[in-house]
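> Everything below, folded, please.
(chains A and B)
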Amino acid sequence: DTGVSQDPRHKITKRGQNVTFRCDPISEHNRLYWYRQTLGQGPEFLTYFQNEAQLEKSRLLSDRFSAERPKGSFSTLEIQRTEQGDSAMYLCASSSGLAGGPTDTQYFGPGTRLTVL
Amino acid sequence: DQQVKQNSPSLSVQEGRISILNCDYTNSMFDYFLWYKKYPAEGPTFLISISSIKDKNEDGRFTVFLNKSAKHLSLHIVPSQPGDSAVYFCAASARNSGYALNFGKGTSLLVTP
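Residues are numbered from 1 along each chain as shown, chains lettered A, B, ... in the order given. Just a heads-up that it's a prediction; the model follows:
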């Protein structure tokens, strides 16, 4: 069990560029979550997947954001036409999904820090 | 709207003493509550959780208390150790939102020798 991994750890981009982040969950975890954390705030939920199905999206996930989990394993989060307000830490978490309820503890990756200039 | 609130941004405690971190929530649909610990440049690390059907859960030096009527939970760390210095996040989830976590803003705990 190597834990949740995220790539890249840091990304600096210019406003208007597209960026893509990758998350590899703990092996055999069915559920995968994306969160965003800005300075001085707690993580905020963006979206989650049960296997390859995207089951819920937060209103924070604007049209410029898209997430995929094509084979039910790794996931990507793409931000198009980045804005300075997108600068944040993007966190990925996974859970087993087996209990289907509250005992599905979410385990977080180290995050990708995005800076939009 | 902040549904989970941690009103103390920081807390300083002497080593060996008890640390008490507090959390309030507003959404009565929340049925599962968790505490995460976060070091700089790392993702949050799960610490302890409690279901709404319980009022206490204990794991070693860490105990979480839940008062549903007051919509309040607290994390007790006894005895506190310097390695406990970190930011602690309270989180809550509800069945009807896929157990997506709602986090507070965090409390920065400093344990001094």
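
> Near chain A, which residues of chain B are found?
Taking CB under 8 Å from any CB of the partner chain as the measure of proximity, chain B contacts chain A at B:4, B:6, B:31-32, B:34, B:36, B:41-46, B:49, B:51, B:89, B:91, B:93, B:95, B:97-106. Glycine gets a C-beta too; all of them are placed from N, C-alpha and C.

> could you flag which of those are buried?
The neighbour-count test (16 or more other CB atoms under 10 Å in any protein chain shown) marks B:4, B:6, B:31-32, B:34, B:36, B:43-44, B:49, B:89, B:91, B:93, B:97-106 as buried among these.

> is whichever residue of chain B sits closest to chain A in a bridge, and if so with what?
Among all residues of chain B, residue B:103 sits closest to chain A, at 3.0 Å; criterion: CB to the nearest CB. In this entry, residue B:103 is beta-bridged to residue B:91, by DSSP bridges.

> was I right about it contacting residue A:36?
No: with contact defined as CB atoms under 8 Å, residue B:103 does not count as touching residue A:36 (10.9 Å).

> residues shared between the contacts of the two?
When contacts are counted by CB atoms under 8 Å, 6 or more residues apart in numbering or on different chains, residue B:103 and residue A:36 are jointly contacted by A:43, A:44.

> so what's the closest residue to chain B within chain A closest to, chain neighbours aside?
Per CB to the nearest CB, residue A:42 is where chain A lies closest to chain B, at 3.0 Å. Take residue A:42 and drop its neighbours on the chain: the residue closest to it by CB to CB, 6 or more residues apart in numbering or on different chains is residue B:103, 3.0 Å away.

> again, but for residue A:48
Using CB to CB, 6+ apart and skipping the chain neighbours, the partner closest in space to residue A:48 is residue A:33 (4.4 Å).
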